[in-house]
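Peer 1: From the sequence below, what's the structure:
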Amino acid sequence: MKNKGADINQDQENELIAIIRDRRSVRSFLDKDVPHETVFRVLEAARMAPSGVNTQPWHVAVIGKKHRRIISEAIIQARESQIPENPDYHYYPEEWFEPYKSRRKACGLALYSAVNIQIHETEKRKVQWYKNYYFFNAPLALIFYLDSRLCKGSWVDMGMFIQNVMLGARCFGLETCPQAALAEYPDIIREHLQIANTMHIVCGMAMGYADWSDPVNQYRTTREKVDTFTVWHD
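Peer 2: Purely as a prediction, here's the structure:
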């Protein structure tokens with residue numbers, strides 16, 4: 001019996017590649033609501049992500065403007081009060097090394113150059129960084145979390161699910177920005193959204209219709225060529 005899932009014509013292939021290739025982290029959005037039905041359809045498709053022995057470890061909280069504002073203000077208050085971050089996991093290494101150190105630096109320079117902020121303008125950089133905690137004023141925000149008793153394999157599964165959400169959103173004219181910064185104070189997230197303490201907060205995500213007129217959405221980070229990270233064993 002022929003597998004209908006394999007029937008992808010050339011036009012569909014090109015469209016899918018374009019959706020993947022042109023995805024970017026958007027940091028400025030239009031003040032335009034995202035229909036509930038649209039988000040449901042994105043998540044309905046994203047749930048088809050693979051997972052080890054079909055564990056489907058992902059959980060998602062979809063947050064509207066009111067709850068987003070409360071969470072944002074609580075996180076910023078924690079930072080201003082110099083309360084130490086207490087993420088459920090370490091996203092970055094404690095000490096950077098090459099080639100990742102240079103890529104990180106180039107990413108930051110590209111962002112701040114796009115919004116015309118110089119490296120010595122610490123207050124402006126702080127203001128820009130705090131936009132992370134406001135989900136860049138996106139009309140919609142998501143929080144991804146999973147059971148803390150699961151192991152690294154489930155985090156791989158979660159990554160594939162999150163990627164599906166980002167790509168699925170683009171099919172409806174939406175753009176996204178995955179945000180590890182929203183996992184810096186997981187207790188705030190858990191308390192406000194009444195998420196069990198047995199759950200680990202993975203990341204947040206801003207979602208909405210991009211404001212392409214904003215300079216922050218004009219820059220692109222670079223990617224390594226395929227042959228720099230691939231070894232062919234023919």
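Peer 1: Alpha carbons of the longest strand anywhere in the chain, as CSV, please.
Peer 2: Scanning the chain for the longest strand, with DSSP state E as the assignment, gives strand 199-208. Extracted as CSV, the C-alpha positions of strand 199-208 are listed here (Å, rounded to 0.1, in the frame of the first residue of the first chain):
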residue,chain,number,x,y,z
MET,A,199,7.7,20.3,35.8
HIS,A,200,10.8,21.9,34.3
ILE,A,201,10.4,25.1,32.4
VAL,A,202,12.2,24.8,29.1
CYS,A,203,11.6,28.1,27.4
GLY,A,204,9.1,30.7,26.3
MET,A,205,8.1,31.8,22.9
ALA,A,206,6.8,35.1,21.4
MET,A,207,4.3,34.6,18.6
GLY,A,208,2.4,37.1,16.4
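Peer 1: In three-state terms, label the most centrally placed residue in the chain for me.
Peer 2: By CA atoms, centre = their mean, the mean C-alpha position of the chain lies nearest to Pro178, the distance being 0.9 Å. Here Pro178 is recorded as strand under DSSP: H, G, I helix; E, B strand; the rest coil.
Peer 1: wait, it sits on Ser25?
Peer 2: Yes. Judged on CB atoms under 8 Å, Pro178 makes contact with Ser25 at a distance of 6.9 Å. C-beta coordinates here come from the backbone N, C-alpha and C atoms, glycine included.
Peer 1: circling back to that earlier point, please compute how far the longest strand of the chain lies from its chain's middle.
Peer 2: Computed by CA atoms, centre = their mean, to the nearest Å, the chain-centroid distance of strand 199-208 equals 7 Å.
Peer 1: okay but Gly52 is in contact with Trp155, surely?
Peer 2: No. Counting by CB under 8 Å, Trp155 is not a contact partner of Gly52; they are 10.8 Å apart.
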